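Asker: dropping the sequence and predicted coords here.
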Amino acid sequence: MRRRVVGSGAPWEATVGYARAVRVGAQVFVAGTTAVGADGTVVGAGDPYRQTVEAIAIIERALRAAGARLEDVVRTRLFVTDISRFEEYGRAHGERFAGIRPATTMVEVRALIRPEFLVEVEADAVLPPGRCHAGPRTPPRRGRAGPRRGKPLGMRRGGG
């Protein structure tokens with residue numbers, strides 16, 4: 001089965017050895033995503049709601065780059081640094097997922113990779129049968145049948 005890698009352009013993807021998202025068949029897996037702007041700064045420092053909104057926006061761009069939509073998400077995981085503020089994280093999540101209702105987990109963690117990060121969000125999506133083969137395609141290279149296996153597709157903006 002073909003594996004398609006989506007990169008966000010974040011400099012640590014190559015260093016750490018991960019992708020923003022990976023699509024295999026009808027499934028798309030989006031890596032833990034924090035609220036990082038295109039310039040590398042934290043979006044919504046000190047604000048759990050704003051950081052969750054930004055992380056979900058980055059996830060949505062990754063899904064689109066992989067040929068999926070937010071509506072295809074079947075599971076999310078929120079890793080938060082202060083569970084007592086669950087309503088702020090939950091409100092942001094609910095604004096985007098109330099009509100989708102993925103299976104969701106919220107877990108408090110001791111820390112994330114940078115102290116300014118308050119939340120990291122993961123998402124898994126499954127495309128419906130009619131759209132399993134749809135999505136962005138990289139034009140074939142000369143002399144090749146298609147894009148190189150595992151080559152990052154990229155996204156417009158970064159994201160941690």
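Answerer: Looks like it arrived, so ask away. Numbering: from 1, shown residues only.

Asker: go through the chain and flag its longest helix.
Answerer: Longest helix in the chain by number of residues, with DSSP state H as the criterion: helix 48-65.

Asker: can you give me the strands in this structure?
Answerer: 3-6, 21-24, 27-33, 73-80, 103-108, 119-126 (DSSP state E).

Asker: tell me which of these lies nearest to Gln51.
Answerer: When these are ranked by distance to Gln51, counting by Cβ to Cβ, first place goes to strand 119-126 at 5.1 Å. For the C-beta atoms, the positions are set from N, CA and C on the backbone; glycine is no exception.

Asker: so that closest one versus helix 48-65, what angle?
Answerer: If you take axes from the mean of the first three to the mean of the last three Cα atoms, to 10 degrees, strand 119-126 sits at 30 degrees to helix 48-65.

Asker: okay, strand 119-126 in CSV with CA atoms only?
Answerer: Extracted as CSV, the C-alpha positions of strand 119-126 are listed here (Å, rounded to 0.1, in the frame of the first residue of the first chain):
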residue,chain,number,x,y,z
VAL,A,119,-1.5,21.6,24.5
GLU,A,120,-0.4,19.2,21.9
VAL,A,121,-3.1,17.6,19.6
GLU,A,122,-3.0,14.5,17.5
ALA,A,123,-5.6,13.4,15.0
ASP,A,124,-6.4,10.2,13.0
ALA,A,125,-8.7,10.3,10.0
VAL,A,126,-10.3,7.7,7.8
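
Asker: middle-most residue in this structure, spatially?
Answerer: With distances taken as Cα atoms, centre = their mean, the chain has Ile59 as the residue nearest its mean C-alpha position (3.0 Å).

Asker: mind listing what that residue touches?
Answerer: If a contact means Cβ atoms under 8 Å, 6 or more residues apart in numbering, then Ile59 has Val30, Thr33, Leu70, Val121, Ala123, Gly159 as its contacts.

Asker: now do it against Gly25, distance only.
Answerer: Computed with Cβ to Cβ, to the nearest Å, the distance linking Ile59 and Gly25 is 19 Å.

Asker: Pro102 is in contact with Arg77, isn't it?
Answerer: No - applying Cβ atoms under 8 Å, one finds Pro102 not in contact with Arg77, separated by 9.8 Å.
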